[in-house]
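> Fold the following and give me the result.
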Amino acid sequence: MAQVSEVLLKECKSKLLQAKADILNRVKEARSEFTNDDKGGDEADQTVRVLAEAEMLSQNERLRTQLLEIESALGRIQNGTYGVCEETEEAIESERLRAIPWTRLSIEGAEIRESMKKRFAR
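Next comes the predicted model:
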């Protein structure tokens with residue numbers, strides 16, 4: 001099993017921590033912007049509020065999922081398994097780690113997973 005270079009590991013950890021901070025700030029901003037105090041208005045106003053709330057909840061779910069991936073990647077750095085594809089158990093390409101530091105799969109591993117999803121989706 002190939003090890004990720006120390007330089008790449010530090011670079012990816014820095015990117016992961018920055019992405020984590022950005023996500024937490026976006027969630028905090030979204031919560032402060034969304035106020036549920038105003039219950040008045042006609043049906044159109046209430047519909048707009050419900051749609052805005054649904055959009056915020058959907059966005060928060062996407063951010064929560066990404067945050068879990070980032071936390072998982074930081075855990076893999078901690079336990080020494082970062083940069084290893086979960087599908088092929090080979091080293092993940094350094095360019096891929098730089099682009100998507102929370103990735104769990106190499107390009108080959110992602111292709112294998114995608115073909116398996118297509119096969120069992122029928």
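> tell me the mean pLDDT for stretch 29-45?
Averaging pLDDT along stretch 29-45 yields 73.
> tell me how far the ends of that stretch are from each other?
The stretch stretch 29-45 measures 22 Å between its terminal residues, going by Cα to Cα, to the nearest Å.
> Just confirm residue 82 is within a helix.
No: under DSSP: H, G, I helix; E, B strand; the rest coil, residue 82 sits outside any helix and is assigned coil.
> so it makes contact with residue 5?
No: applying Cβ atoms under 8 Å, one finds residue 82 not in contact with residue 5, separated by 11.3 Å. Any C-beta I mention is one placed from the backbone N, CA and C, and that applies to glycine too.
> Looking only at neighbour counts, state which of these two leads.
residue 82 (24 against 11; other Cβ atoms under 10 Å).
> Please name the nearest non-neighbouring residue to that one.
In space, residue 82 comes closest to residue 76 once its chain neighbours are excluded; the distance is 4.1 Å by Cβ to Cβ, 6 or more residues apart in numbering.
> check which helix or strand covers that neighbour.
helix 43-79 (DSSP states H and E).
> could you list every residue that touches the residue nearest to residue 82?
82, 83, 84 (Cβ atoms under 8 Å, 6 or more residues apart in numbering).
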